[in-house]
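Asker: no letters, just coordinates:
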């Protein structure tokens, strides 16, 4: 069987993890990488990842430069930001050539929410060229949207969907602990969230995707985020948080129809959070009550979702695709 | 939007429930039914279901008779047995005409396991005519196969999959309580299971579907079934079971690769079973530990799975399709 050729766009920590997983797959061939950081251009992916097998794959400063040097891949693995508009723009050279894109961009989970015009334009572009682009991940992309949607496959009736996720951020990487405001003044964090500069990205997109799958036309998506404030000192590998400072976030997002809450997502992500778990409650017929004890580890799961989507993406019709339009998620065995 | 026209093949208790759910969907139109029972032919579906909206839909003794009288539907809802070979044969007149089939037939969850030659022949037939046929349901079809497979969509590595399901059969319908051997002599039940005449159908197909999705070539599928024996009297609406008689089944199925158990399914279905639940453990990276408290109610969920699959089936390529080849399961809103 011919290998699927991929390149990695974005060589930050998630991009490096994506490459490490991609190179283990006998059905994938990594032919290069792209990063806008001039310090990375020209280096090899072996150099950036520590994986000797990537010694012949180089980093280019742009997709065009990569295509000119090594030809077109089948798929771009895109891990370079949360904005759908920015991601569409970054991926245009690939989509123009009919090259498909799997992305961890949070807003691409449901790009019609914030950029409906752009989503329609890129959908038309993809249909012309034969490319597909889809966002995936663990959250958004799985725990709070695809998994509850999948669960309703055995529902005669669904009245409401509630999902809660409690993440112990002490076990996560430094950038995530920083992003949730660890050690910050709670009022500073509130101001940042109000300005759209803090909090968990893609939450509203998860609500929009669930509503879309359920056929619910939402009147409103409402989102709140409060800092979780330390009552005693908390120390991690990266932060030393005094009482009164922030440990992380308690973020909620509601999808309403006619004044009724049909969807509620509740995310607590903070240092030393006890009892990490994911839970889903579907009210309907039958009622369904799911718990993932310990939750789904974020970083491993994000790159897993990205690699696992590749064959399903290539099996889908060209266009801007939603995860709900692809075949059931599944682990892709390295030897498949 | 044009309604999807369906007919119901098999008018037993599950077929009647399927019709009751189908008639609530504004996107479906029920145009008739088929049953081989001469006492049902010629009656209306309203008469059989108690649903007045089905007054103009009649029961025919065969698909050919129905097609001649009311034309071809888009989809046949098939609830008439557990054998893939029998179901393929029953559905041939529909598939010959390019009419797709959604079925609760347990063996159709993975028809290549018991009837590989027939599955290949019908796949070729469907590709010629444009029809699709797929098996679905709650078990097999969801709890012990599709749900664990979906969960591995966020796995970097999967070493093994364990699923257990505990069902309190006291809450279920009489035929199910009878099927699991309630009130029988345990040795009689053992003899029946050994002869292939008792136990939960489709268990091996669930193992085969999970293995297929994981890319594991199994050396062996091993299945055992033991009666659960009453230690004190148990009374339900339908049975009065004395100590020493059977309350139901404890059935296990293993998928082995090189002597190692990669897949284990464990089903306890008996009268007065305490703590009904479904649980999934994926060993790998990350480890995943899922519990459905209370479990998924079987009868409601089975017909829900059948109706919910219809649009996804029509969106798939022609052929004998597996659930893993269709888009992520999801509830289909009646007003969609």
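Answerer: Arrived safely, thanks for sending. Owing to the predicted nature of the structure, the values given are computational and were not obtained by experimental measurement. Numbers count the residues shown, from 1 in each chain, chains lettered A, B, ... in the order given.
Asker: from now on I want contacts and neighbour counts done on CA atoms only, so please keep to that.
Answerer: Fine.
Asker: can you give the contact residues for whichever strand or helix holds residue A:95?
Answerer: Element membership for residue A:95 (DSSP states H and E) is helix A:84-96. Outside helix A:84-96, the residues that touch it by Cα atoms under 8 Å, 6 or more residues apart in numbering or on different chains are A:63-64, A:76, A:80-81, A:100-101, A:105-108, A:111, A:115, A:118, A:122, A:125-126, A:129, A:131-133.
Asker: quick check: the gap between the residue nearest the centre of chain A and residue B:59.
Answerer: In chain A, the C-alpha nearest the mean C-alpha coordinate belongs to residue A:137, at 3.5 Å (Cα atoms, centre = their mean). Between residue A:137 and residue B:59 the computed distance is 48 Å (Cα to Cα, to the nearest Å).
Asker: ditto for residue A:116
Answerer: From residue A:116 to residue B:59 the distance is 47 Å (Cα to Cα).
Asker: domains of chain A?
Answerer: Per the record, chain A has its domains at A:4-137+A:300-325, A:146-295, by automatic domain parsing.
Asker: just give me how far the first one sits from the chain centre.
Answerer: What it means is domain A:4-137+A:300-325. Centroid separation between domain A:4-137+A:300-325 and its chain, computed with Cα atoms, centre = their mean, to the nearest Å, is 13 Å.
Asker: now the last one
Answerer: Offset of domain A:146-295 from its chain centre (Cα atoms, centre = their mean): 14 Å.
Asker: need the three-state assignment for residue A:265.
Answerer: Here residue A:265 is strand, with the state taken from DSSP: H, G, I helix; E, B strand; the rest coil.
Asker: helix or strand: which one has residue A:120?
Answerer: helix A:116-129.
Asker: count the residues that sit near residue A:194.
Answerer: Using other Cα atoms under 10 Å in any protein chain shown, residue A:194 has 13 other residues around it.
Asker: return the distance of it relative to residue A:270.
Answerer: In terms of Cα to Cα, residue A:194 sits 19 Å off from residue A:270.
Asker: same thing with residue A:121?
Answerer: 39 Å.
Asker: residues from the stretch 101-250 of chain A in reach of chain B?
Answerer: A:137-138, A:142, A:146-147, A:149-158, A:213-215 (Cα under 8 Å from any Cα of the partner chain).
Asker: the helices in chain A, which residues?
Answerer: A:13-22, A:45-49, A:63-70, A:84-96, A:116-129, A:146-151, A:174-179, A:186-194, A:203-214, A:298-314 (DSSP state H).
Asker: re the thing from before, between residue A:121 and residue A:270, which is the more surrounded one?
Answerer: Counted by other Cα under 10 Å, residue A:121 and residue A:270 do not tie: residue A:270 has more neighbours, with 28 against 12.
Asker: in terms of pLDDT, where does the residue lying closest to the more buried one once chain neighbours are set aside sit?
Answerer: In this structure, residue A:270 finds its nearest non-sequential neighbour in residue A:248, 4.0 Å apart by Cα to Cα, 6 or more residues apart in numbering or on different chains. pLDDT recorded at residue A:248 is 97.
Asker: equivalent analysis for residue A:129, please.
Answerer: So, for residue A:129, pLDDT stands at 98.
Asker: so it sits right up against residue A:100, yeah?
Answerer: No. Look at residue A:129 against residue A:100 with Cα atoms under 8 Å: they stay out of range, at 9.7 Å.
Asker: the more surrounded of these two?
Answerer: Set side by side, residue A:129 and residue A:100 give different neighbour counts by other Cα under 10 Å, the larger being at residue A:100 (29 against 17).
Asker: in the sheet, who's paired with that one?
Answerer: residue A:75 (DSSP bridges).
Asker: was I right to think it contacts residue A:132?
Answerer: Yes. If you go by Cα under 8 Å, residue A:100 and residue A:132 touch, sitting 4.6 Å apart.
Asker: tell me the mean pLDDT for stretch A:109-118?
Answerer: 98.
Asker: same question for stretch A:230-242.
Answerer: 96.
Asker: same question, stretch A:197-211
Answerer: 94.
Asker: can you give me the end-to-end span of it?
Answerer: Note: stretch A:197-211 ends 25 Å apart using Cα to Cα.
Asker: now swap in stretch A:99-114 and tell me
Answerer: 24 Å.
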